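Chemist: Using only what follows, build the 3D model:
(chains A and B)
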Amino acid sequence: MASHTQVIWVYDMPSKKRIKLRSRRTPLKLLKKLKTIIKRLYNVNPEEYIPAITRLTCIDEFCIIHSEISSTQELRISGLRVIFEGSWLGVYTHGLITPSTLLARKIFRDQGVRAAILVAEQGVKAFLYGNDILPESVIKIYPPSVGIYAVIDCVDNEVVGFTKWSSEKGVYVNLYDLGIFLRILG
Amino acid sequence: MRLELYEIYRDIYIEPTREAYELALEYGYLPYMIQRYIDILGYKEALELIRAFEKPVKPVVRTNTLLVTSSELKNRLQQLGFKLEEISWAQGSFWVIEKPKSPTLGATHEYLKGYYYVHRDASSLIPVLLLLYEYSGDILDACAAPGGKATYAAQILKQRGGGVVYANDLVLYRLRALIGHIMRMKLDNIVVTWSDARILYSKLKRKFNRILLDSPCSGEGRISIDPSRKRKTSILDLAILVKREIELLSSLVDLLEPGGILAYVTCSIAPEENEYVVNYVIRAKSGFKLIEPPIKLLNYSKGIIEYRNLKFSEEVENCIRLWPHIHRLFGYTICLVRRE
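Modeler: Modelled structure (predicted):
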């Protein structure tokens, strides 16, 4: 009962657009994929970082995977629309799943930095406005190189988003950055 | 007992005098609002209030102390050209005295990383500090979006070791912004629900020890940042708002545990939206009391117990009022209701 999808369409006054909001239990296939990525990137046991039950909240095509707070089961059963809760674990957009910066931050603190690029201030600045990262902005690459990289700001070692190396374009393509909350969620 | 709209309208109707009309014309207000200020404060002080509304208020940066220390944030923002002054009664929060042309407060790296929240004014910090004074546990924020108070409460509770904020709102696109703030600030103890707060009591199978009701109101206290509020709310509109405010407060106090406290908050200085509302609810329902704030953060003004032909219960004086011309903040009213 609690896993049913709630789909809500709402007319957004400021942008004069309709917003599509969906909330459901994360499909097992998607969850498995996130765990595989975590294992591949960080060589950790994903079960330690990702709870068994998680939820998927999508605002238009931007989907957030997040943990579930146990007390909300009861709220859903009583018919209340719970649209977000718990800890942010991952992003699923355009068919691509990426860990959250929050999760990467936690894993790096516990296990050390892996699969990441340390980026110079100017590169981070451009990245946070949605741009890609040029190789000359990269100060250090943390192995393993498996395609996806967490982006670390050299100023405070904070994880600010994720990129994917594109040999075709010769840049680290922006998968998402922390500015996305402003751009998508307002 | 149910109060009809016409009864509210009859109770709050004001016939402005000539001097109110003149002042209203000069400053662009609806005359009944000016008449009200004169009735409460007298002509001279009403003029001080109106003039205070013409002055800008200082925005506030509240540090997300879960991610960064306030001194570190202050240093970083000062390096960007912001001049900050610590708010003595709200640890980790700063008044923004000067701003550079670029970046804006909402576009710095520090903001995107969730190191701080920007409040339009310091008044919205007060209800959270009063409600959570020496408290740890769950809280319901019934009209939470865009989330300044909900994220502040979550931050405080997390630092105290526990408690979930149930942040509800009726307006979905505003909840979307709340989710953005929660993710940006890396908070994991907030549950966001979408519902009319008036029907929460029928959906929630539990009660709360702390409830925050920042009621949708006329916003009359925010004229300094939104001058359209000088003419936005007619007396009939006000009566409609008052009716909804009574319905909200009346249904939400039923979600309080015995001994629990609800903070009824409006960014309005209208006694119709504040003292009138709480007075009606505590009289209509038994077992509720208006209590004094547990801590004196600043020299609050007291609630109004008599206004025109309306007389309220003595305990309404326990409500606190913030006046722009006295406190240099938004006009704001906070009443703490305790269930016996």
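Chemist: Going by residue numbers, what spans are helices in the chain?
Modeler: Picking chain A for this. A:28-42, A:72-77, A:101-111, A:121-128, A:180 (DSSP state H).
Chemist: wait, I meant chain B there
Modeler: Going by DSSP H, chain B shows helices at B:5-12, B:18-27, B:31-41, B:43-53, B:70-79, B:109-112, B:125-131, B:148-159, B:172-184, B:200-203, B:235-252, B:275-284, B:324-327.
Chemist: Residue B:139 is in contact with residue B:149, isn't it?
Modeler: No: at 9.7 Å, residue B:139 does not count as touching residue B:149 under the criterion of C-beta atoms under 8 Å. C-betas here are computed from N, CA, C, even on glycine.
Chemist: where among the helices of chain A is the average confidence lowest?
Modeler: Note on these: lowest mean pLDDT is at helix A:72-77, with a mean of 79.
Chemist: Show me which residues of the stretch 51-200 of chain B sit near chain A.
Modeler: Proximity of the stretch 51-200 of chain B to chain A is confined to B:106, B:109, B:112-114, B:164, B:172-173, B:175-177, B:179-184, B:186, B:188, B:190-195, B:200 under the rule C-beta under 8 Å from any C-beta of the partner chain.
Chemist: Separate out the buried members of these.
Modeler: In those, burial by neighbour count holds for B:109, B:112-114, B:164, B:172-173, B:175-177, B:179-184, B:186, B:188, B:190-195, B:200, counting by 16 or more other C-beta atoms under 10 Å in any protein chain shown.
Chemist: Can you give me every residue that contacts residue A:140?
Modeler: Residue A:140 makes contact with A:117, A:118, according to C-beta atoms under 8 Å, 6 or more residues apart in numbering or on different chains.
Chemist: Tell me what it is bridged to.
Modeler: Beta-bridge pairing of residue A:140 under DSSP bridges involves residue A:118.
Chemist: Indicate the residue of the stretch 151-300 of chain B located nearest to chain A.
Modeler: Scanning the stretch 151-300 of chain B for proximity to chain A using C-beta to the nearest C-beta identifies residue B:180 as nearest, at 3.1 Å.
Chemist: Outline the domain layout of chain A.
Modeler: Annotated domains of chain A cover A:6-99, A:113-185 [automatic domain parsing].
Chemist: averaging pLDDT over each of the ones you listed, which comes out lowest?
Modeler: domain A:6-99 (a mean of 86).
Chemist: How about the closest residue to chain B within chain A: what's its closest non-neighbour residue?
Modeler: Going by C-beta to the nearest C-beta, chain B is nearest to residue A:185 of chain A, at 3.1 Å. Sequence neighbours aside, residue B:180 is the residue nearest to residue A:185 in space, at 3.1 Å (criterion: C-beta to C-beta, 6 or more residues apart in numbering or on different chains).
Chemist: One more: residue B:50?
Modeler: Residue B:50 sits nearest to residue B:27 (C-beta to C-beta, 6+ apart), 5.3 Å away.
Chemist: Contacts only, for that neighbour.
Modeler: Residue B:27 is in contact with B:34, B:50, B:54, B:230, counting by C-beta under 8 Å, 6+ apart.
Chemist: again, but for residue B:91
Modeler: By C-beta under 8 Å, 6+ apart, residue B:91 lies in contact with residue B:70.
Chemist: What separation do you get for it and residue B:125?
Modeler: Residue B:91 is 10 Å from residue B:125, where distance means C-beta to C-beta, to the nearest Å.
Chemist: So the residue of the stretch 151-300 of chain B closest to chain A is in contact with residue A:182, correct?
Modeler: Yes: counting by C-beta under 8 Å, residue A:182 is a contact partner of residue B:180 at 6.8 Å.
Chemist: Check the contacts of residue B:27 against residue A:61 and report the nearest one.
Modeler: residue B:230 (41.7 Å; C-beta to C-beta).
Chemist: Excluding covalently adjacent residues, which one is nearest to that closest one?
Modeler: Distances taken as C-beta to C-beta, 6+ apart place residue B:29 nearest to residue B:230, at 4.5 Å, with adjacent residues excluded.
Chemist: do residue B:212 as well
Modeler: Counting by C-beta to C-beta, 6+ apart, the nearest residue to residue B:212 once its immediate chain neighbours are dropped is residue B:141, at 4.6 Å.
Chemist: what number of residues lie near that neighbour?
Modeler: 30 (other C-beta atoms under 10 Å in any protein chain shown).
Chemist: one step back: name the residues contacting each of residue B:180 and residue A:182.
Modeler: Listed contacts common to residue B:180 and residue A:182 are nil; contacts here mean C-beta under 8 Å, 6+ apart.
Chemist: Let me see the confidence value for the closest residue to residue B:161 other than its chain neighbours.
Modeler: Counting by C-beta to C-beta, 6+ apart, residue B:161 lies nearest to residue B:136, which is 6.3 Å off, once chain neighbours are set aside. For residue B:136, the model assigns a pLDDT of 97.
Chemist: Now do the same contact list for residue B:136.
Modeler: Applying C-beta under 8 Å, 6+ apart, we find residue B:136 in contact with B:157, B:160, B:161, B:162, B:163.
Chemist: ok, those residues vs residue B:332, which is closest?
Modeler: Set against residue B:332, the nearest of the contacts of residue B:136 by C-beta to C-beta is residue B:157 (22.7 Å).
Chemist: Looks like that closest one contacts residue B:132 (just checking).
Modeler: Yes: using C-beta under 8 Å, residue B:157 is in contact with residue B:132, at 7.1 Å.
Chemist: Can you pull the residues that touch both of these two?
Modeler: In contact with both residue B:157 and residue B:132: residue B:139, using C-beta under 8 Å, 6+ apart.
Chemist: Get me the contact residues on the stretch 201-340 of chain B for chain A.
Modeler: Within the stretch 201-340 of chain B, the positions lying close to chain A (C-beta under 8 Å from any C-beta) are B:203, B:204, B:205, B:206.
Chemist: now these as CSV including distance to residue B:308 and pLDDT?
Modeler: As requested, these are exported to CSV (distance: C-beta to C-beta, whole Å; pLDDT from 0 to 100):
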residue, distance to residue B:308, pLDDT
B:203, 38, 90
B:204, 38, 89
B:205, 43, 85
B:206, 41, 91
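Chemist: Only whichever of those residues are buried, select them in PyMOL.
Modeler: Selection of buried members from these for PyMOL, criterion 16+ other C-beta under 10 Å:
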select buried, chain B and resi 204
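Chemist: List the residues that contact the residue located most distally from the centre of chain A.
Modeler: Distance from the C-alpha centroid of chain A, by C-alpha atoms, centre = their mean, peaks at residue A:78 (29.8 Å). Neighbour list for residue A:78: B:203, B:204, B:205 [criterion: C-beta under 8 Å, 6+ apart].
Chemist: Same check on residue B:146?
Modeler: B:174, B:177, B:178, B:181 are the contacts of residue B:146 under C-beta under 8 Å, 6+ apart.
Chemist: Near residue B:196, how many other residues are there?
Modeler: Number of residues near residue B:196 (other C-beta under 10 Å) recorded here: 15.
Chemist: whoops, residue A:130 was the one
Modeler: 13.
Chemist: Was I right to think it contacts residue A:173?
Modeler: No: using C-beta under 8 Å, residue A:130 is not in contact with residue A:173; the gap is 11.1 Å.
Chemist: Flag every buried residue along stretch B:314-325.
Modeler: Buried-residue list, stretch B:314-325, by 16+ other C-beta under 10 Å: B:315, B:316, B:318, B:319, B:320, B:321, B:322, B:323, B:324, B:325.
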